[in-house]
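K.L.:
can't give you the sequence, but here's the structure:
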């Protein structure tokens with residue numbers, strides 16, 4: 001019921017990874033893991049109470065953490081962060097302090113800074129006309145719009161990414177494009193209203209698909225497509241409490257906030273006509289592996305003063321080998337709830353994502369063969 005021709009083409013001409021995971025099932029720790037290549041518990045970007053940062057939070061990604069951007073800058077890369085940040089909104093935690101030359105986006109989730117005035121949170125997010133979301137839109141450290149016009153946010157993020165590509169086409173560049181959609185509340189531009197058969201959620205996804213197509217076309221137009229690696233994935237699974245606004249994990253159980261497969265196993269496409277061997281890859285991979293993979297491909301040495309939890313996936317990407325990853329840890333806050341090794345997954349603790357079943361410790365653990373279940 002949702003048309004995604006650009007993503008389909010990206011998958012058909014690149015690699016589709018079917019066992020790809022994130023570092024956590026909610027925004028802040030997941031993004032910390034992606035950018036640092038380290039489990040969020042190592043960077044302090046996880047909590048057992050408030051699991052993500054809020055506009056009244058005082059913390060953020062520590063300044064002594066290296067990011068993909070800061071490491072690639074050592075090899076002469078121009079770097080940009082476009083979209084949702086959610087790793088600290090105070091000046092000392094901004095993308096510009098974490099290796100990014102340029103930032104344009106919303107510093108946290110688009111459902112924060114909401115004036116609900118008695119409207120239930122769930123109803124306000126599903127019907128944003130009932131609530132004023134006062135989120136700021138920043139260019140570097142300057143607020144350029146507040147509240148951000150979120151009906152145009154996907155288009156503007158796309159235009160910013162293309163502009164950065166065109167301005168930096170003569171030298172290597174790294175863009176971290178973190179779309180605010182399809183996080184609730186959902187918004188799409190006028191051109192995509194009622195474009196899909198799946199309601200507003202489908203409209204949002206079809207506009208994101210358009211965005212992918214525009215960016216890939218800009219790479220082709222500037223003769224950069226055969227020397228650029230593009231990765232498409234998500235930071236967590238569908239927010240099931242929002243029903244048809246939250247998305248679907250298909251055959252996978254659970255969603256955002258939990259440690260079942262639907263919360264942490266994500267779609268992943270790697271694309272690069274001159275770099276990637278097209279195929280469907282069933283090896284294990286995670287967003288933790290992006291930093292060491294990118295650094296290996298850019299010939300950048302990793303710092304030796306810290307532990308990394310990611311692996312270099314470039315052998316699998318180029319067709320010269322397989323993924324070295326054999327284990328995935330499923331953290332919820334500061335605790336390991338489950339571990340996958342090869343095809344088997346052991347659940348030591350289970351808990352409903354948001355409400356629902358209470359926390360249960362399993363001894364012996366629940367054991368699943370993910371190839372058949």
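P.N.:
Received the coordinates, thanks. Values in this document were obtained by computation on a predicted structure and should not be read as measured data.

K.L.:
please enumerate the helices of the stretch 1-150 of the chain.
P.N.:
Defined through DSSP state H, counting those that start in this stretch, the helices belonging to the stretch 1-150 of the chain, from first to last, are 5-13, 27-36, 40-43, 68-73, 121-126.

K.L.:
kindly reformat those as JSON lines containing mean pLDDT.
P.N.:
Shown next, in JSON lines, are these (pLDDT from 0 to 100):
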{"stretch": "helix 5-13", "mean pLDDT": "98"}
{"stretch": "helix 27-36", "mean pLDDT": "98"}
{"stretch": "helix 40-43", "mean pLDDT": "98"}
{"stretch": "helix 68-73", "mean pLDDT": "98"}
{"stretch": "helix 121-126", "mean pLDDT": "94"}
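
K.L.:
skipping adjacent residues, who's closest to the residue nearest the centre of the chain in space?
P.N.:
The central residue of the chain, meaning the one whose C-alpha is nearest the mean C-alpha position (C-alpha atoms, centre = their mean), is residue 235 at 3.2 Å. The shortest distance from residue 235 to any residue that is not its chain neighbour, by C-beta to C-beta, 6 or more residues apart in numbering, is 4.3 Å, and that residue is residue 30. Just so you know, the C-beta spots here come from the backbone N, C-alpha and C atoms, and that holds for glycine as well.

K.L.:
I'd guessed the one you found sits against residue 24; true?
P.N.:
Yes. In this structure, residue 30 is within contact of residue 24 by C-beta atoms under 8 Å, at 4.5 Å.

K.L.:
which of these two has more neighbours?
P.N.:
The neighbour count for residue 30 versus residue 24, taken as other C-beta atoms under 10 Å, is higher for residue 24 (32 against 27).

K.L.:
now for the more buried one: which residues touch it?
P.N.:
Residues touching residue 24, when contacts are defined by C-beta atoms under 8 Å, 6 or more residues apart in numbering, comprise 30, 33, 40, 46, 51, 236, 264, 331-332.

K.L.:
for residue 280, state which of those residues is nearest.
P.N.:
Each of those was checked against residue 280 using C-beta to C-beta; the closest is residue 264, at 20.1 Å.

K.L.:
number of residues surrounding the closest one?
P.N.:
Using other C-beta under 10 Å: residue 264 sits among 34 other residues.

K.L.:
with residue 196 instead?
P.N.:
When counting by other C-beta under 10 Å, one arrives at 21 neighbours for residue 196.

K.L.:
how about the nearest residue to it, chain neighbours excluded?
P.N.:
residue 202 (2.9 Å).

K.L.:
wait, which of the helices of the stretch 1-150 of the chain is closest to residue 280?
P.N.:
Of all the helices of the stretch 1-150 of the chain, the one in closest proximity to residue 280, counting by C-beta to C-beta, is helix 5-13 (8.5 Å).

K.L.:
by contact count, what packs against that closest one?
P.N.:
For helix 5-13, the elements it packs on are helix 199-221, strand 230-232, strand 268-271, judged by 3 or more C-beta pairs under 8 Å, 6 or more residues apart in numbering; DSSP states H and E.

K.L.:
distance to residue 159 and mean pLDDT added to the ones you listed, as a markdown table?
P.N.:
Listed next are the helices and strands packed on helix 5-13 as a markdown table, based on distance: least, C-beta to C-beta, whole Å; pLDDT from 0 to 100:
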| stretch | distance to residue 159 | mean pLDDT |
| --- | --- | --- |
| helix 199-221 | 8 | 98 |
| strand 230-232 | 17 | 98 |
| strand 268-271 | 20 | 98 |
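
K.L.:
next one: the residue nearest to residue 83 when sequence neighbours are not counted from residue 70, what distance?
P.N.:
Taking C-beta to C-beta, 6+ apart as the measure, residue 83 lies nearest to residue 178, with 3.7 Å between them; neighbours along the chain are not counted. Between residue 178 and residue 70 the computed distance is 17 Å (C-beta to C-beta, to the nearest Å).

K.L.:
pLDDT below threshold where in this protein?
P.N.:
Nowhere does the chain drop to pLDDT under 70.

K.L.:
for it, what's the longest strand?
P.N.:
strand 360-369 (DSSP state E).

K.L.:
list the neighbouring strands of it plus their orientation.
P.N.:
Next to strand 360-369 in the sheet, as set by DSSP bridges, lie strand 344-350 (antiparallel).

K.L.:
how about the longest strand of the chain: buried residues?
P.N.:
By neighbour count, and taking 16 or more other C-beta atoms under 10 Å as the criterion, the buried residues in strand 360-369 are 365, 368.

K.L.:
what ranges do the helices span in the stretch 251-373 of the chain?
P.N.:
Counting by DSSP H, counting those that start in this stretch, the helices of the stretch 251-373 of the chain are 261-264, 290-297, 314-318.
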